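>>> Model the structure of this input:
(2 chains)
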Amino acid sequence: MLSYILRRIVATLPVMAIVALFVFSLLYIAPGDPAVVIAGDQASPEDVERIRQSLGLDRPFLIQFGSWVWRILHGDLGTSIFTNLPVSTMIGQRLGPTLSLMIITLLLTIVVAVPLGVVAAWKAGSLIDRAIMAFAVFGFSLPVFVVGYMLAYIFALELEWLPVQGYTPLSEGFWPWLQNLILPAIALGCVYIALVARITRATMLEVLQQDYIRTARAKGLGQGGILFIHALKNAAVPIVTVIGIGIALLIGGAVVTESVFAIPGLGRLTIDAILRRDYPVIQGIVLLFSFVYVLVNLMIDVTYTLVDPRIRY
Amino acid sequence: MDRRTVLKGLAGAGGLALTGISAPAIAQGASARTLRFVPQANLANFDPIWGTQYVVRNAAALVWDTLYGIDAQLQPQRQMVESEETSDDGRTWTFKLRPGLKFHDGEPVLSKDVVASLSRWAARDPMGLMILAIQQELTAVDDRTFKWVLKQPFPKMLYALAKNNAPCSFIMPERIAKTDPFKQITEYVGSGPMKFAKSEWVPGAKSVFEKFADYVPRQEKASWLAGGKQILVDRVEWLVMPDPATAAAALQNGEVDWWENPIADLVPVLKKNKNISVDIGDPLGNIGSFRMNHMFAPFNDVRARRAVLMALSQEDYMRAIVGDDDALWKSLPGFFTPNTPLYSELGGEILKGKRDFDAAKKLLAESGYSGQPVTCLVAQDQPITKAQGDVTADLLKKLGMNVDFVATDWGTVGSRRAAKTPPGQGGWNMFHSWHAGADCITPAAYTAIRANGEKAWFGWPNSPNTEKEIVTWFDAKNLEEEKAAIGRVNKSALDDVVYAPTGFFLTYTAWRKNVSGITKGPLPFFWGVSKSA
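Okay, here's the model as predicted:
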């Protein structure tokens, strides 16, 4: 298993290099010039050109790309064109809020969506099943920002239970940290919960019709044991897969959620960097996200072996 | 249902629900010694010479002081200087610094710091470049005295050193000011009333300023960038909120104390909340504009440009920007900021009265326009430019023009508008913008009014008469001469349609009522602002 994990990690390097080249090329040919944004409205074309030169933006594509790759190989993600801060520092500042938001959302999803899916499958065709599936459709259909504003209105403005915006690091206490994340995690989690609940239900329905479930029932095993020990374990592979793939949804959704709740996370950093054409920051974030995807896929594969002993690498 | 409708509705509902409700527990726990402020934009960099965005200038005014400061009467007043002398021939300026000035690192402010700072500033500022062009020498005479010797008189010297438009002539320590003006500084050490807490800076999210204990304010009453800058709180936190509905909710909830620029849609909600004050933020407001490219057809012909001016309705533009609040806009038959000493409407008839589409179409035909596409660049991510772009597209269609509406983002517009190639080959015919009224009081800081052909701002208008009258203004000896010159600049610029002014508009600012001392001005002034628990 260890050699498999190592092989997978090594195999990610060319993938990340290709992604990096693709992103670098895309930004290079895209319209918009950071030097123009920096120079401001008062600047003359000569000013803009001098800024371009000082940033190295006037150099040929291959030299810029080569220089960037060289820095990456030396563990240097570069410096932001706008803030003059190291990209690694900027990502580091934003990683905490985004990770916190994703962890809370993931936990919320697993705690809510999996039991909902199991219950819906158990009560298939009943009013409970229809209610859960209606909730899932509702959650899937509402845009994150609509849910976000509704939650902020009810729980922050009306009831005054939770703050509207911001982020408090965990180092300042568990509750201050959590209270800033509850509403965004619910807003972000709605789509995700709906997705996982539907997949859980569908997979469980399939498993519940298997012979070994019938056998377990015939042996007189209780409903809880059948559902959560025999059925759920065998339905776990697709559920784990969809939870893992759903992290992509979380990253996309985090951009909006972080804006609505003014959370200083990577989503907002990405949007700001794209709008300003802050190339080194965009490249750093893309590399990070690529690595996260690869890592998540690896974790999914490893998890398969834990839930299904028949799978071996 | 779009995002804007949803946020407006929900923020509105929140505002109504909160009317009459006191600040929640979340707010009451916050320190009264910290002022939490939502700025107009993200502080993405912090070099006020390298980056000229308004938000950088506003933050820099806390950290760096200037030799002179513009006051509410638009007059330059001494700030870091104790005195100045001008030689009889007007060519030599000798300045003396106030005693006791200190930088945030504890070092005294010396003449050598000023010389280095002014040199860096002058290399990037339009007025500074004018001074550099006639500079003989800029030297430190002693620790507190420095001398600027020119080859010819420059009567607007004090205005150049006091002006509030970016880049301002902020004074930095020599070691920092020696940085190439086209490279960013990395140390943010000033002698202003507040220190920048770099370790707490999260660009795009939060910037923190702490009171500078050794700052010695002037004795005069504070007035804009002049006078005694008394800081009455320990910390000022700038919290960036890209979503206006979130900022509105945070202000209502007491999580922030002051929101610099609430959008017009949400102002009625804020006004209904008894804990919130709302007022016009900057009395100098803004001037909407769209610029036509003078280099290429059809707008290389003054008749085509005048045809557009004859037909445009400033009311349409202003309502698109500010909505139905009539207190927020007025027609502007000219280019200069209303209610300022030099304001003129001379030659403004073309923008007044009933719009004459028939005459405009006739004039357009005479210009030789024959239906070729007119490339109109519109930044969709800037509400002001988006609103103006929609109105222009409609206007041009009504005039019978073939509009190539390029909806894109501000980064792309900013880049593409610099292209001097023909519209069909990556160039453009028109784009939209707006100018802070504070920059449009005189031609000194007013880049958009310049009409010196290829050296002019985007659109590259060429109007020798406008340029001649601008020089006349620079040489004016008194207010009467200045007024006369500005009147002629206005008329000439309208005759040649240097650009199309779309009206004058104001914006609001909003703060919680436990905050006092907020004054109206072209930037948020934090001196004199206090906060009770």
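
>>> Determine whether any part of stretch B:492-508 lies close to chain A.
No. Using Cβ under 8 Å from any Cβ of the partner chain, stretch B:492-508 stays clear of chain A, with a minimum separation of 12.6 Å. (Each C-beta comes from the backbone N, C-alpha and C, glycine too.)

>>> Student question: in the chain, what's the helix or strand with minimum average pLDDT?
Looking at chain A here, since you left the chain open. When the helices and strands of chain A are scored by mean pLDDT, DSSP states H and E, helix A:34-39 comes last with a mean of 77.

>>> that's the other chain; I wanted chain B
helix B:25-28 (a mean of 41).

>>> right, and the helix or strand after that one?
strand B:34-38 (DSSP states H and E).

>>> Which strands or helices does that following strand pack on?
strand B:235-239, helix B:244-253, strand B:258-259 (3 or more Cβ pairs under 8 Å, 6 or more residues apart in numbering or on different chains; DSSP states H and E).

>>> Just put these in a markdown table and tack on mean neighbour count.
Output for the helices and strands packed on strand B:34-38, formatted as a markdown table (neighbours: other Cβ atoms under 10 Å in any protein chain shown):
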| stretch | mean neighbour count |
| --- | --- |
| strand B:235-239 | 21 |
| helix B:244-253 | 28 |
| strand B:258-259 | 26 |
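
>>> which stretch among these comes nearest chain A?
helix B:244-253 (4.4 Å; Cβ to the nearest Cβ).

>>> Is there proximity between stretch B:143-162 and chain A?
No. Using Cβ under 8 Å from any Cβ, stretch B:143-162 stays clear of chain A, coming no nearer than 13.9 Å.

>>> just the CA coordinates of that stretch, formatted as CSV?
Extracted in CSV, the C-alpha atoms of stretch B:143-162 (Å, rounded to 0.1, in the frame of the first residue of the first chain):
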residue,chain,number,x,y,z
ASP,B,143,18.2,68.9,8.5
ARG,B,144,15.1,71.0,8.5
THR,B,145,15.5,73.1,5.4
PHE,B,146,15.3,72.2,1.8
LYS,B,147,15.3,74.2,-1.4
TRP,B,148,13.7,73.7,-4.8
VAL,B,149,15.2,75.8,-7.5
LEU,B,150,13.4,76.1,-10.9
LYS,B,151,14.3,77.4,-14.2
GLN,B,152,11.1,79.3,-14.4
PRO,B,153,8.3,80.2,-11.9
PHE,B,154,5.7,77.6,-11.1
PRO,B,155,2.8,79.4,-9.3
LYS,B,156,0.9,76.2,-8.5
MET,B,157,3.8,74.8,-6.4
LEU,B,158,1.9,74.7,-3.1
TYR,B,159,-1.2,73.2,-4.7
ALA,B,160,1.0,70.5,-6.3
LEU,B,161,2.4,69.6,-2.8
ALA,B,162,-1.1,69.7,-1.2
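
>>> ok now do B:Leu328, which residues does it touch?
The contact partners of B:Leu328, by Cβ atoms under 8 Å, 6 or more residues apart in numbering or on different chains, come to B:264, B:318, B:322, B:505-508.

>>> Quickly check those residues for the two that are furthest apart.
Greatest spatial distance among those (Cβ to Cβ): B:Met318 and B:Tyr508, at 15.0 Å.

>>> Centre-most residue in the chain?
Let's take chain A. Here the mean C-alpha position of chain A is nearest to the C-alpha of A:Ile251 (Cα atoms, centre = their mean), at a distance of 2.9 Å.

>>> that's the wrong chain, I meant chain B
For chain B, by Cα atoms, centre = their mean, the most central residue is B:Ala436; offset 3.9 Å.
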